[in-house]
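Colleague: what follows is a predicted structure for the sequence shown.
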Amino acid sequence: MFSRRNFIKGAAQGVGIVVAASAVSKFALAALPELAVMNDTKTQPPLVPSSGLPYNPVVTLNGWSLPWRIKNGWKEFHLVAEPVVREFAPGMKAHLWGYNGQSPGPTIEVVEGEKVRIFVTNRLPEHTTIHWHGQRLPNGMDGVGGLNQPQIKPGKTFVYEFEAKRSGTFMYHPHADEMVQMAMGMMGFWVTHPKDPNFMKVDRDFCFLLSSYDIDPGSFTPKINTMLDFNLWSFNSRVFPGIDPLVCRQGDKVRIRVGNLTMTNHPIHLHGHEFTVTGTDGGWVQPSARWPEVTTDVAVGQMRAIEFDATDLGDWAFHCHKSHHTMNAMGHDVPTMIGVDTKGVSNKISKILPDYMSMGEDGMASMGEMHMPLPENTLPMMTGTGQFGPIEMGGMFTVLKIRKDQKPGDYKDPGPYNFPQGTVAFEWKGDLTEPQRAHAEQHSEKIAFKVRKPQGSCGH
Ligand SMILES: [Cu+2]
């Protein structure tokens, strides 16, 4: 029986879900589950299950979960691979490929032991497949085009069927023209919930994928041949300040699941709290094998589930620790100008190019508040504003917001943290005498000119 309640519930909670069966021939797709698409980049509320086995749903950062129907004991989903437009942050949109209206595609949530049937319709201009990363399944359902199945040609619909054998954290992506299709944004999250809803139970369970793009300033489509030099580093194809905060109530047990479909590793770092890695793509980690961390490296193709208690109130940064991954396009080919006096030359160039601006004589922090003219459809490299001024971040950065009065199940942004008096770093107003140094000759001015000549007979 088709569960319409799922759609109605989803639509009521997340205004963005649109049932778009009328967009395709009803006759042709009469046997398919209704097609749900998302037209919003906001984080949608958890999709509470109203059919199938019970579970505690996840929250996909700037994303959503796909509704389903139960038919003859099978849980049925319908994915459509298609070109999409994704807003990375206000002011910048990209032409990507994705699923059901967005990139990444919707999160698929099932329960251990459920029989799952996924209809995949290809509306791309070239063939595709889907590989269900990390799953135990029959070999012919594994989705490697040519090896395990014929390619899904444009306009065709294929069916995948397998039992969700073990609970955990998974993802899906094409295994067909893979370099191009993943560079274009084709990927999605998959969570198989444990059969016992009390196993590994948490109060908030967030998930997102790491993806990277190379989109030239002023253009809209990723360069698909880039191997290393990407300029947009994203959580779920959003960059700071376009990434929603992770909102928690003080005392919550929190899980964050991260999957990496970029071309490099990402050391994911949480401020103010220690966490443990409780799951990988291979399954749950035995409690005796876990250790505390504040940063965990997520290598290419890996998934990590981290867990912590949200004990400490505040706005805590949560980001990739590679500093180039917390900035947006525009910043990567700028020469180092620290210590260079550019005033004279800037004045001369300004006479020829009125918009000319030299960058970074004293470091690049001033660029966080600089409003220099940008090409169309481009984000500043360092951006975002907090209650104390520019945050000077971009890319893979968001904020974990822990509040005392956040209601259970409420994910709304509570606004900036209200710091208790006397708990913010402050300016020293006392004497500013020179710091004492042990030996006068260690003064940096002197050391800078001390050159030790090479010894020996090398001719110098
Ligand atoms: Cu990174």
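Modeller: Sure, I can see it. As the structure is a prediction and not an experimental result, all values here were calculated from the model.

Colleague: count of neighbours near the residue nearest to Gly283 when sequence neighbours are not counted?
Modeller: Distances taken as Cβ to Cβ, 6 or more residues apart in numbering place Gly168 nearest to Gly283, at 5.3 Å, with adjacent residues excluded. The way it works is simple: take the backbone N, C-alpha and C, and place the C-beta from them, glycine included. Using other Cβ atoms under 10 Å, Gly168 is surrounded by 24 other residues.

Colleague: please apply the same query to Val85.
Modeller: Val85 has 14 neighbours, counted by other Cβ under 10 Å.

Colleague: mind pulling up the pLDDT for Met179?
Modeller: Per-residue pLDDT puts Met179 at 89.

Colleague: contact partners of the helix or strand hosting it?
Modeller: Per DSSP states H and E: Met179 is located in helix 178-183. Outside helix 178-183, the residues that touch it by Cβ atoms under 8 Å, 6 or more residues apart in numbering are 97, 124, 128, 173-174, 211, 213-214, 222-226, 261.

Colleague: take the residues you listed and keep only those in strands.
Modeller: The members of the contacts of helix 178-183 that map onto strands under DSSP state E are 97, 173, 211, 213.

Colleague: residue contacts, the last one?
Modeller: I take that to be Tyr213. 94, 96, 183, 185, 222, 230-232, 234, 237.

Colleague: mind listing which of those residues are in helices?
Modeller: Ala183 (DSSP state H).

Colleague: the contacts of Tyr213 also near the ion: which ones?
Modeller: When Cβ under 5 Å from the ion is applied, no member of those is adjacent to the ion.

Colleague: from the contacts of Tyr213, which single one is nearest Phe426?
Modeller: Ser234 (35.2 Å; Cβ to Cβ).

Colleague: wait, doesn't that closest one sit right on Ala89?
Modeller: No. Counting by Cβ atoms under 8 Å, Ser234 does not reach Ala89; the two are 9.4 Å apart.

Colleague: joint contacts of the two?
Modeller: With Cβ under 8 Å, 6+ apart as the test, Ser234 and Ala89 both reach Ile243.

Colleague: more neighbours: which of these two?
Modeller: Ser234 (30 against 22).

Colleague: for that one, which residues make a bridge with it?
Modeller: Ser211 (DSSP bridges).

Colleague: kindly provide the distance from it to Thr423.
Modeller: With the distance defined as Cβ to Cβ, to the nearest Å, Ser234 ends up 33 Å from Thr423.

Colleague: go on, Gly52?
Modeller: 46 Å.

Colleague: now Phe77
Modeller: For Phe77, the distance to Thr423 equals 47 Å [Cβ to Cβ].

Colleague: more crowded one of the two?
Modeller: Ranked by neighbour count (other Cβ under 10 Å), Phe77 and Thr423 place Phe77 first, with 22 against 9.

Colleague: helix, strand or coil for the more buried one?
Modeller: Following DSSP: H, G, I helix; E, B strand; the rest coil, Phe77 is assigned to strand.

Colleague: and the stretch 251-400 of the chain, which of its residues are near the ion?
Modeller: With the criterion set to Cβ under 5 Å from the ion, the stretch 251-400 of the chain comes near the ion through 266, 320, 322, 325.

Colleague: filter these to the buried ones?
Modeller: Neighbour-count burial (16 or more other Cβ atoms under 10 Å) applied to these gives 266, 320, 325.

Colleague: can you pull the contacts of Gly314?
Modeller: Gly314 neighbours (Cβ under 8 Å, 6+ apart): 272, 401-402, 417, 419.

Colleague: what ranges does the stretch 301-450 of the chain have for its helices?
Modeller: Secondary structure of the stretch 301-450 of the chain, counting by DSSP state H, counting those that start in this stretch: helices at 343-352, 444-447.

Colleague: mean pLDDT lowest for which of those helices?
Modeller: Among those, helix 444-447 scores lowest, with a mean of 51.

Colleague: hmm, Asn122 is touching Leu79, no?
Modeller: No. Look at Asn122 against Leu79 with Cβ under 8 Å: they stay out of range, at 9.8 Å.

Colleague: sorry, back to before: buried subset of the ones in strands among the contacts of helix 178-183 as a ChimeraX selection?
Modeller: The following ChimeraX line selects those of the ones in strands among the contacts of helix 178-183 that are buried, judged by 16+ other Cβ under 10 Å:
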select :97,173,211,213
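
Colleague: just checking: which of the ones in strands among the contacts of helix 178-183 also lie near the ion?
Modeller: Among the ones in strands among the contacts of helix 178-183, not one lies near the ion by Cβ under 5 Å from the ion.

Colleague: turn the ones in strands among the contacts of helix 178-183 into a markdown table, columns for distance to Leu379.
Modeller: Output for these, formatted as a markdown table (distance: Cβ to Cβ, whole Å):
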| residue | distance to Leu379 |
| --- | --- |
| Trp97 | 21 |
| His173 | 25 |
| Ser211 | 16 |
| Tyr213 | 12 |
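
Colleague: returning to what we had before: most neighbours, which of the contacts of Gly314?
Modeller: Ile402 leads the contacts of Gly314 on contacts (other Cβ under 10 Å) with 25 neighbours.

Colleague: just give me the closest of the ones in strands among the contacts of helix 178-183 to Glu307.
Modeller: Taking Cβ to Cβ as the measure, Glu307 lies nearest Ser211 of those, at 23.4 Å.

Colleague: give me the buried subset of the contacts of Tyr213.
Modeller: Buried members of the contacts of Tyr213, scored by 16+ other Cβ under 10 Å, are 94, 96, 183, 185, 222, 230-232, 234, 237.

Colleague: which residue does the stretch 151-300 of the chain bring closest to the ion?
Modeller: Proximity to the ion, evaluated over the stretch 151-300 of the chain using Cβ to the ion, is greatest for His266 at 3.4 Å.

Colleague: for that residue, what are phi and psi?
Modeller: Torsion angles at His266 (phi, psi; degrees, to the nearest 10) stand at phi -130, psi 110.

Colleague: ok, and the closest non-adjacent residue to it?
Modeller: Leaving out its chain neighbours, the residue that sits closest to His266 by Cβ to Cβ, 6+ apart is Cys320, at 4.5 Å.

Colleague: picking that back up, between the contacts of Gly314, which is nearest Pro197?
Modeller: Nearest to Pro197 among the contacts of Gly314, with distances taken as Cβ to Cβ, is Ile402, at 24.6 Å.

Colleague: ok, that closest one - contacts?
Modeller: Ile402 makes contact with 248-250, 252, 310-314, 316, according to Cβ under 8 Å, 6+ apart.
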